[in-house]
Structures are given as structure tokens and as C-alpha cells.
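Asker: sequence-free structure coming up:
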């Protein structure tokens, strides 16, 4: 397993740095009551300032033709890679959409030089588990099984990527593709993923839940509230389709990059999932971004955690010369 950093050898974040980072903590919300408000605020923030990017909106019908699944495809300003990054957004399965994640996806396209396809899966609590998961699976399965839909000749060029709950969905989609005997992706990138069901500091097996679940970007209570809204049946939270770290079989999974944030309560469970994948015989690289908070992929482009995160992503993707030549998109 490739580990880009040795967490135990780094000096801890000092008291002054911790105090400054707490200033960037999200205001405390009652997610159960305020999730609609959070959705509105996210869309408003994403629209300011106005972004200049090149994107194309498409739809894929659900397997039973009951609803369309919107997909927004982002072209980088300079295309340097043949890969298509199939992105599942974060937001606790409850908030986030292709509108609120448009700035982050435009940044992802430009900083990787790859096309990004962002999936607007259904959200809980209106559409609880497994609705959003089935949307993500449907899009991934079709693009991997019929690569012409993504304007790509080789399905090995499709990389699953997600952040937070979206990384959870990417990991679970990979498990479902294997279990349903479908072609899976060759690579996946999991950014600070949710992989476990217990985020109570009194009972969680992970120190980061106790160390970083109160003061920073994401709290223990918020994660548990998201899980409650996502899963109607409490028993579902122990399912590998909700908590992939509970899976008893992690064989035949994609080559995986796990990127975690040092000051994130999800840090340890994300890294534990990477180690479990490696133990099952998969190729895994883990990179912990120091002094970073949960959700750093949505920060401005000049932010150090975002830059370091993309350095790890580009190192993982490796050099990939574009066979059709460099293509120009519009600048931001």
C-alpha cells in the first residue's frame, strides 16, 4: 500500500493553528430541520461570483424509466488527459447537487486536465437509501458498459471519484458492480469518505471521531443526523451498502486513492477502509492532507489543502497523453 505521509511522525497542529481553524468551522445547524435551508445557501454561494466554465448538461434515464438522472459534463480549459472523472458529490446524501458543486467540478476539470461528469443523484430524506445509490450505480454501469455514451473508446478511462458521502457512494458502487457481475472501474478516488456507521464519540472505534467531532467543519451530531435522514431503517446503517467498511469481501476492487483531512472526524475510518482494501489484495494509496478540514475540495483554488489534494490526485492518475491532441475550453 502506498502511503504518502506518515501521520504519526508529523508534529500535531498547535493551539494557535487550531484556534484559527475553528474560525472556519461551519455554523452549527439542526440538519434534520434545516437541510432545505442548507441546500438553498449552497446554491447561492456557488453562484457568487459568477463562474466561467464550459459544461454540457445531459440526462440518463433510470433503469425503470421512472425518472431522469441529470449529469453535468465539465470540459477543462486545457485537456491533458483521456480519463473521464465520474464524480459523486458530497453533502451527507441530503444536501449538495450539480449546481452547488459546479465551482468545485470546474476546478477539478482544470486542475486535473480531465473531463468531469457530475451526477445529480436523488437526495434524502425525500428519496432515502438506496435511491441515490441506485442513481449513481445506473450512471456508472452505463458508462462502463457502453463507453460511447461518455465519448470515450476505452471504459478503463472512466475513474470513479467522490467526496464525503459521494466518496461513500463511489466505494459502494464499486462493490455493487462486482456483486452484480458488471464491469467495474479500474480506478477510484475517495476524498475523505464516510465508511462506517458509528460516529458517537463514546462508542466509535476511531480516535478522530473523538478528537475532531466538535470544533471543526463537520460534527459527530451532523454525521449521525445525515445517516438518520439517509436510512429509514436503522438496521441499514450496518449494511456494506451504507458502511462499506462493514463488507466482509473487499476483493476485486479498483486501484484506489484515499485522500483524508487531518482535522476531519472521518479521517480514521477513511484510512481504515484503504487499509482494508489493501489487505484484501487491492492496490491502495493513502494521502493525509495536514491541517486540513473536511470538505476542502470545495475551497478556492489558491487554498493549500486543495492544491495538495490535487497533487495527490494527479500523481495517482499519472501521465496520460491525450490521443486526440490538446483541446481548449473556456477560462474562468
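Answerer: Received it, and whenever you're ready, just let me know what you need. Quantities reported herein were computed from a predicted structural model and do not represent experimental measurements. Numbering: from 1, shown residues only.

Asker: my guess is residue 43 meets residue 97, correct?
Answerer: Yes. Using C-beta atoms under 8 Å, residue 43 is in contact with residue 97, at 7.4 Å. For glycine as for every other residue, the C-beta is placed from the backbone atoms N, C-alpha and C.

Asker: which of the helices or strands spans the residue nearest to residue 201 when sequence neighbours are not counted?
Answerer: With sequence-adjacent residues excluded and distances taken as C-beta to C-beta, 6 or more residues apart in numbering, residue 201 is closest to residue 210, at 4.3 Å. Taking DSSP states H and E as the definition, one finds residue 210 inside helix 207-211.

Asker: list the buried residues for stretch 199-214?
Answerer: For stretch 199-214, the neighbour count (16 or more other C-beta atoms under 10 Å) marks 199, 201, 204, 206, 208, 209, 211, 212, 213 as buried.

Asker: could you do stretch 246-258 as well?
Answerer: In stretch 246-258, counting by 16+ other C-beta under 10 Å, buried: 247, 250, 253, 254, 255, 256, 257, 258.

Asker: now render the residues you listed as TSV, adding distance to residue 81, secondary structure and pLDDT.
Answerer: Formatted as TSV, the buried residues of stretch 246-258 follow (distance: C-beta to C-beta, whole Å; DSSP: H, G, I helix; E, B strand; the rest coil; pLDDT from 0 to 100):
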residue	distance to residue 81	secondary structure	pLDDT
247	30	coil	98
250	27	coil	98
253	22	coil	98
254	17	coil	98
255	16	strand	98
256	18	strand	98
257	15	strand	98
258	21	strand	98
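
Asker: nearest to residue 136 among those?
Answerer: Of all those, the one sitting nearest residue 136 is residue 254; the distance, using C-beta to C-beta, is 14.6 Å.

Asker: in contact with that closest one, which residues?
Answerer: Residues in contact with residue 254 (C-beta atoms under 8 Å, 6 or more residues apart in numbering) are 160, 174, 184, 185, 186, 187, 188, 282.

Asker: so which of those are in helices?
Answerer: residue 174 (DSSP state H).

Asker: show me which of the contacts of residue 254 is closest to residue 112.
Answerer: Closest to residue 112, out of all of the contacts of residue 254 and judged by C-beta to C-beta, is residue 187, at 12.5 Å.

Asker: which residues does the closest one form a beta bridge with?
Answerer: residue 159, residue 255 (DSSP bridges).

Asker: so it sits against residue 170, correct?
Answerer: No. Here residue 187 does not reach residue 170: they are 10.5 Å apart, not a contact under C-beta under 8 Å.

Asker: what touches both of these two?
Answerer: With C-beta under 8 Å, 6+ apart, residue 187 and residue 170 have common neighbours residue 160.

Asker: follow-up on the earlier one: list the helices and strands the helix holding residue 210 packs on?
Answerer: helix 267-279 (3 or more C-beta pairs under 8 Å, 6 or more residues apart in numbering; DSSP states H and E).

Asker: quick check: mean pLDDT of the helix it packs on?
Answerer: Averaging pLDDT along helix 267-279 gives 98.

Asker: so which elements touch that helix?
Answerer: Packing partners of helix 267-279 (3+ C-beta pairs under 8 Å, 6+ apart): strand 187-191, helix 207-211, strand 255-261, strand 284-289.

Asker: just put the ones you listed in TSV and tack on distance to residue 233.
Answerer: Putting the helices and strands packed on helix 267-279 into TSV (distance: least, C-beta to C-beta, whole Å) gives the following:
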stretch	distance to residue 233
strand 187-191	25
helix 207-211	23
strand 255-261	28
strand 284-289	31
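
Asker: to residue 132, which of the ones you listed lies closest?
Answerer: Of all the helices and strands packed on helix 267-279, it is strand 187-191 that lies closest to residue 132, at 16.5 Å by C-beta to C-beta.

Asker: by how many degrees do the closest one and strand 255-261 diverge?
Answerer: 10 degrees (axes from the mean of the first three to the mean of the last three C-alpha atoms, to 10 degrees).

Asker: identify the residues contacting strand 187-191?
Answerer: By C-beta under 8 Å, 6+ apart, the list of residues contacting strand 187-191 reads 85, 90, 159-164, 166-167, 170-171, 174, 253-259, 270, 273-274, 297, 309, 313, 316-317.

Asker: thank you kindly, that will do.
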